[in-house]
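Student: Give me the fold of what follows.
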Amino acid sequence: MLVPSKEEMRAYEVDGYFVRKNFLSEPEVVDFRDHARRQLEDEANSSTVMEKGDKSGKKTLLKLWNHAGDDKFGMLARDERLARMSEALIGEEIYLYSHKMTMKQPREGGAWEWHQDFGYWYNNGCLSPEMLSIWIALDLSNKANGCLQVLKGSHILGRLDHVRENGQTNVDKPYLDAATERFEHVYVDMNPGDALVFHSNLLHRSDANNSDTYRWGYICSYNAVHNAPFTRAREYGNYEELKIVPAGSFMAAG
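Tutor: Residues are numbered from 1 along each chain as shown. You can find the predicted model right below:
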């Protein structure tokens, strides 16, 4: 099913997120993950892969693409399942804002503190939170290896003030303290191939990976065309026509 179900639409509206189980099939996950491991672990010591540290000194590897090309990464970002899902939820014509791989290596991957994606996308020139992300688990994602956590329903707060701390952009502490008292804190356990679809104002975070397992995830973010940044503050996120491809096309890409 390319569009959200009624239950998913309602969850997105009320909770700010939902999990679509088996968004990618097992063969698709294996194909994509094996390719990603080979390519990105080879690049890990180069300037093309960033390191994002946390306050304890642990690092998460991050690969960000500025454009969606014809390789596996770009083709999955343009896959009709992600595009049609995002278009239905945003309710407007969309384009791909960014796509990236977050790589929490065993015993090394660091934590991400509480934040809203729109907390900094706004500062990149996007006026409205007509934006969302789809995070696809490539490995088992659980509490032990630093799965995503959300404050259920917190997207209704609108954009909160964020501050720069330890190389990350985090929600200002007084507002975070109030939000954590008000909203349910959920650890989002996911199997490989599951997708977390969430609103750009949903408060979320993740702990460090203290396990012996990988915790990689591929995340694509989409924006309404009329909400494209009014200033070119970043190399990514600027409007480009989204050239949608049939589901699973990435498997044939090199």
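Student: What segments of the stretch 151-254 of the chain are strands?
Tutor: 162-165, 168-171, 184-187, 195-199, 204-206, 215-224 (DSSP state E, counting those that start in this stretch).
Student: what does the third one contact?
Tutor: The one in question is strand 184-187. Under the contact criterion CB atoms under 8 Å, 6 or more residues apart in numbering, strand 184-187 has outside partners 142-143, 147, 149-153. Where you see a C-beta, it was placed from the backbone N, CA and C, and this is true even at glycine.
Student: Show me which of these are buried.
Tutor: 142, 147, 149-153 (16 or more other CB atoms under 10 Å).
Student: And the contacts of strand 184-187, which two are furthest apart?
Tutor: Asn142 and Gly153 (22.5 Å; CB to CB).
Student: Restricted to helices, list the contacts of strand 184-187.
Tutor: Judged by DSSP state H, the contacts of strand 184-187 include no members of helices.
Student: Looking at these, which is nearest Val49?
Tutor: Distances from Val49 to the contacts of strand 184-187, taken by CB to CB, are shortest for Cys147, at 21.8 Å.
Student: pretty sure that closest one contacts Arg215?
Tutor: Yes - judged on CB atoms under 8 Å, Cys147 makes contact with Arg215 at a distance of 7.2 Å.
Student: Mind listing the shared neighbours of the two?
Tutor: With CB under 8 Å, 6+ apart, Cys147 and Arg215 have common neighbours Ser141.
Student: On the three-state scheme, Gly74 is what?
Tutor: helix (DSSP: H, G, I helix; E, B strand; the rest coil).
Student: In which helix or strand does the residue nearest to it when sequence neighbours are not counted reside?
Tutor: Leaving aside its sequence neighbours, Gly74 sits nearest to Ala68 (CB to CB, 6 or more residues apart in numbering; 3.8 Å). Ala68 belongs to no helix or strand when assigned by DSSP states H and E.
Student: how about stretch 121-137: buried residues?
Tutor: 121-122, 124-126, 129-137.
Student: Can you convert those into CSV and add a column each for pLDDT, distance to Asp15 and secondary structure?
Tutor: As requested, the buried residues of stretch 121-137 are arranged in CSV below (pLDDT from 0 to 100; distance: CB to CB, whole Å; DSSP: H, G, I helix; E, B strand; the rest coil):
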residue, pLDDT, distance to Asp15, secondary structure
Trp121, 95, 21, helix
Tyr122, 94, 22, helix
Asn124, 93, 26, helix
Gly125, 96, 28, coil
Cys126, 97, 23, coil
Pro129, 98, 16, coil
Glu130, 98, 18, coil
Met131, 98, 17, strand
Leu132, 98, 13, strand
Ser133, 98, 15, strand
Ile134, 98, 15, strand
Trp135, 98, 15, strand
Ile136, 98, 19, strand
Ala137, 98, 18, strand
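Student: All good on my end, thank you.
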